[in-house]
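Visitor: Test case, fold it:
(chains A and B)
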Amino acid sequence: MTAEVLKTPVVVAQASAPLHPLWEFWSHFKANFGAVAGLVVIVVLVLLALFADFVAPHSPILTNNAAFLKPPFWQQGGAIAYPLGTDAIGRDILSRLIHGARLSLLIGIAVVTLSVISGTVLGLVAGFFRGVIEISIMRLMDITLTLPSLLLAIVIVAILGPGLMNAMLAVAIVLLPHYVRIARAAVISEVSKDYVTAAKVAGAGRLRLMFKEVLPNCAAPLIVQATLGISTAILDAAALGFLGLGAQPPLPEWGTMLADAREFVLRAWWVVTLPGLAILVTVLAFNLLGDGLRDALDPKLKR
Amino acid sequence: MLRFVFTRLSLVVPTFIGITLLVFVLIRLIPGDPIETMAGERGIDPARHAQLRKEYGFDQPVLVQYGLYLSRLVHGDLGRSIVTHEPVISEFGTLFPATIELSVCAILFALCLGLPAGIIAAVRRNSIFDHGVMGVSLTGYSMPIFWWGLLLILLFSVQLGWTPVSGRIAVQYYIEPVTGFLLIDALLAGDFGAFRSALSHLVLPTIVLGTVPLAVIARMTRSAMLEVLGEDYIRTARAKGLPGFRVIAIHALRNALIPVVTVIGLQVGVLFTGAILTETIFSWPGVGKWLIEGINRRDYPVLQGGTLLIGAIVMIVNLLVDVTYGLINPRIRYTR
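Guide: Predicted structure coming up:
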């Protein structure tokens, strides 16, 4: 009898043991069809980008005098050697798109990394050292936010000169205020909590408080914003490329490819349609992933 | 209320000064001598160079230059374009109505489609329509609009021949500018052919520029409606036996509109960003295209003045939205 009585509570305790946070996150995330689809597309793009040299059938910059504006293989005049056709100077569109994935993902990741790191540091500093430092940082961010994002990026590129590097830097500056604001707001709400006071009493220094105690607790909104930031970065960099201020030809950047293709809109639909479709799919995938992450990470929306 | 307006204003002034500083520094940061940059590849003789330096005030200390710049600014002098030698402010003035006309049409387009779509999606939650609206709006939100414009041209102008490819009106019409808005001016002149031509030129750019605001408005309306529909007073209204349409259109929508109005106000910056791209694709003679041309010609006064004016306009609109919002919703006045 006694053995039975003892047995039951143990089983109950096991059943109510909390799931590992990562596991719980995954169970929320995988229930979201859109987010999983976004993740799959991104994984495929990353693989294509990593193995672009092996996957792409041709070189992205090699021209072929015998094949100007060849249509895709299923149209009359197309050839299977150039599955998605060629552009005005005989470069293979498919190969350029694959190598473009490498560029676009690099742009997205590099821009957001730069922006998140500097934005978080600025936000932490503003939140911790209130007063003049906070006011000057936040005023500067307000100015950045007031100007329309693309206009500010254009102004910065006009100062630095057109080119991929400068365009990336410009987009990183444009994205900066979002991270500064999130980090500062999170710090201000966290600093008054007991665990921070406890760490302070235990003798933790300012740097330790900032990076070891507070930062991990405001990571969730930053991760979500960073994912959504990648899509903005890719979109803005492509827009700058389209305006002739970003990546310069012959780089196979999707926005730059569109700018080159503009004059052939009447003659060759494939040079205009395909690079834009690549941008749309990539940006959509990151937005779906970001939305899914927000739903899975935000405790307020959890059911 | 007055105190609320003043606190808002006191936040705007330093931001504006910041923008003037940014724009002033802009020209100084461009590598190389500004006069030589303006002169271009032909070069310039030293006497003329010194004279121009004096004329533009480049021989003064930087702080004095900034002071001079501010005082000219207060007098409405934003410099002259290097290419056309016209005052920047008057060029902006003649082109700006075209941008406003396009932007107003775009936001109306976004509202007319976005509001009903958002409302129906919220009312029929988890239906096929709801999923459709959410999917389409996320796609619209992710759309590279410069490509979207090219696609629409490809379909409607090239394949179907329904709409013109670019410009604001067919060349055979000339309408004396009264308001600067071609649609209104054509009607004032009683020229219906011109009106139809202007309208057909406006359709594609409106769709392109309105796509992102449309997506944002539809999503925002849906989530605001969902929140309001869960409130107790809605259940009360339904329990009273009011017809479903009345509950949604009168009781729910009114409260759901507050966040939507804010979001519309915040679209001004988005519209300018979109206008730069849309005007470039459709050769629409507005300030966005003018700025891009200014950059390509290294016309720095145009870039400087245009940026300042657009920054100021966005700031004023945001201020107005803020104040109106405080007016509609008294809670805001005290909590912020």
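Visitor: show me what contacts the residue in chain B that chain A sits nearest to?
Guide: In chain B, the residue that lies nearest chain A is residue B:147 (2.9 Å; C-beta to the nearest C-beta). C-beta here means a position set from N, CA and C on the backbone, and glycine is covered the same way. By C-beta atoms under 8 Å, 6 or more residues apart in numbering or on different chains, residue B:147 lies in contact with A:258, A:272, A:275-277, A:279-280.
Visitor: 6 Å instead?
Guide: A:258, A:276 (C-beta atoms under 6 Å, 6 or more residues apart in numbering or on different chains).
Visitor: That one is in what secondary structure piece?
Guide: helix B:145-152 (DSSP states H and E).
Visitor: From chain B, how far off is residue A:263?
Guide: 11 Å (C-beta to the nearest C-beta, to the nearest Å).
Visitor: Then residue A:73?
Guide: 21 Å.
Visitor: can you pull the contacts of that residue?
Guide: By C-beta under 6 Å, 6+ apart, the contact set of residue A:73 is A:80, A:83.
Visitor: what residues are up against the residue nearest to residue B:175 when sequence neighbours are not counted?
Guide: Counting by C-beta to C-beta, 6 or more residues apart in numbering or on different chains, residue B:185 is the residue found nearest to residue B:175 once chain neighbours are left out, at 4.8 Å. Shown in contact with residue B:185 (C-beta under 6 Å, 6+ apart): B:175, B:178-179.
Visitor: Which among these count as buried?
Guide: residue B:175 (16 or more other C-beta atoms under 10 Å in any protein chain shown).
Visitor: Can you flag which of the contacts of residue B:185 belong to helices?
Guide: Among the contacts of residue B:185, none falls in helices (DSSP state H).
Visitor: Could you check how many residues crowd around residue A:135?
Guide: 12 (other C-beta atoms under 10 Å in any protein chain shown).
Visitor: now swap in the one 3 residues further on and tell me
Guide: Burial measure for residue A:138: 17 neighbouring residues, criterion other C-beta under 10 Å.
Visitor: Which secondary structure state does the closest residue to it other than its chain neighbours sit in?
Guide: Among residues not flanking residue A:138 along the chain, residue A:126 sits closest, at 6.2 Å (C-beta to C-beta, 6+ apart). Three-state call for residue A:126 (DSSP: H, G, I helix; E, B strand; the rest coil): helix.
Visitor: Might you report the residue contacts of residue A:126?
Guide: A:134, A:137, A:184.
Visitor: go on, residue B:279?
Guide: Per C-beta under 6 Å, 6+ apart, neighbours of residue B:279: B:286, B:288-289.
Visitor: which one of those has the most neighbours?
Guide: Neighbour max across these (other C-beta under 10 Å) = residue B:288, 30 neighbours.
Visitor: Just the element for that residue, please.
Guide: In the assignment (DSSP H and E), residue B:288 maps to helix B:287-296.
Visitor: what does chain B put close to chain A?
Guide: B:14-15, B:18-19, B:29-30, B:138, B:142, B:144, B:146-147, B:150, B:154, B:158, B:269, B:272-273, B:276, B:295, B:303, B:307, B:311, B:314-315 (C-beta under 6 Å from any C-beta of the partner chain).
Visitor: Mind checking which of these are buried?
Guide: Buried subset of those (neighbour count, 16+ other C-beta under 10 Å): B:15, B:18-19, B:30, B:138, B:142, B:144, B:146-147, B:150, B:154, B:269, B:272-273, B:276, B:295, B:303, B:307, B:311, B:314-315.
Visitor: just to confirm, which helix or strand has the spatially closest residue to residue B:256 that is not a sequence neighbour in it?
Guide: Excluding its sequence neighbours, the residue lying closest to residue B:256 (C-beta to C-beta, 6+ apart) is residue B:224, at 4.0 Å. Under the criterion of DSSP H and E, residue B:224 resides in helix B:192-229.
Visitor: What are the buried residues along that helix?
Guide: B:194-195, B:197-199, B:201-226, B:228-229.
Visitor: one step back: among the buried ones among the residues of chain B next to chain A, which are located in helices?
Guide: B:15, B:18-19, B:138, B:146-147, B:150, B:269, B:272-273, B:276, B:295, B:303, B:307, B:311, B:314-315.
Visitor: Tell me, please, where in the stretch 151-300 of chain A the pLDDT is lower than the cut-off.
Guide: A:298-300 (pLDDT under 70).
Visitor: for chain B, what are the nearby residues on it?
Guide: A:155, A:158-159, A:235, A:238, A:242, A:258, A:265-266, A:272, A:276, A:279, A:283-284, A:287.
Visitor: which of these count as buried?
Guide: Buried members of those, counted by 16+ other C-beta under 10 Å: A:155, A:158-159, A:235, A:238, A:242, A:258, A:265, A:272, A:276, A:279, A:283-284, A:287.
Visitor: pLDDT at residue B:81, what is it?
Guide: pLDDT recorded at residue B:81 is 83.
Visitor: residues in contact with the residue nearest the centre of chain A?
Guide: The residue lying closest to the centre of chain A (C-alpha atoms, centre = their mean) is residue A:230, at 1.6 Å. By C-beta under 6 Å, 6+ apart, residue A:230 lies in contact with A:108, A:112, A:286.
Visitor: Which members of the residues of the stretch 151-300 of chain A next to chain B are the farthest-apart pair?
Guide: A:159 and A:266 (36.2 Å; C-beta to C-beta).
Visitor: Tell me the residue of chain A that sits nearest chain B?
Guide: residue A:276 (2.9 Å).
Visitor: so what's that residue up against?
Guide: Under the criterion of C-beta under 6 Å, 6+ apart, the neighbours of residue A:276 are A:258, B:144, B:147.
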